[in-house]
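*Asks:* any chance you could fold what I've pasted below:
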Amino acid sequence: MSPTQQHLLDVHRALRHGSPVPPAPGTHDVRVLRELRERRRFRAVVAGRPAQGGPAQGRIHPGRPEPGGVRAAAAV
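*Replies:* Numbers count the residues shown, from 1 in each chain. The predicted model follows:
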């Protein structure tokens, strides 16, 4: 049975019994992944290791010009 079919069956049962309808599959995936990442970073800090990753820690993405790079120098 696919996750969609199982969800439809759960919705049908919930409606018949008057209980709340369960969320659709994949509704909270992004939130769960963020919480797992934060938990891993927290445990690293508590264990005395530096936290890895995170938003924009000075990483240069391939294919993107560096800030203040060639375009900024040409504008001067």
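
*Asks:* host element of residue 34?
*Replies:* Taking DSSP states H and E as the definition, one finds residue 34 inside helix 29-46.

*Asks:* any buried residues in that helix, and which?
*Replies:* residue 41 (16 or more other C-beta atoms under 10 Å). Where you see a C-beta, it was placed from the backbone N, CA and C, and this is true even at glycine.

*Asks:* for that helix, packing partners?
*Replies:* Of the remaining helices and strands, none touches helix 29-46 by 3 or more C-beta pairs under 8 Å, 6 or more residues apart in numbering; DSSP states H and E.

*Asks:* pLDDT of it, averaged?
*Replies:* Model confidence over helix 29-46, given as mean pLDDT, is 93.

*Asks:* then that helix to CSV, C-alphas only?
*Replies:* What follows is helix 29-46 as a C-alpha-only set of coordinates in CSV (Å, rounded to 0.1, in the frame of the first residue of the first chain):
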residue,chain,number,x,y,z
ASP,A,29,9.5,16.7,6.6
VAL,A,30,11.5,20.0,6.4
ARG,A,31,10.8,20.8,10.1
VAL,A,32,12.0,17.3,11.1
LEU,A,33,15.2,17.6,9.1
ARG,A,34,15.9,21.0,10.6
GLU,A,35,15.4,19.7,14.1
LEU,A,36,17.7,16.7,13.5
ARG,A,37,20.4,19.1,12.2
GLU,A,38,20.1,21.3,15.2
ARG,A,39,20.2,18.4,17.6
ARG,A,40,23.4,17.1,15.9
ARG,A,41,25.0,20.5,16.2
PHE,A,42,23.9,20.9,19.8
ARG,A,43,25.4,17.5,20.7
ALA,A,44,28.7,18.4,19.0
VAL,A,45,29.0,21.6,21.0
VAL,A,46,28.1,19.8,24.3
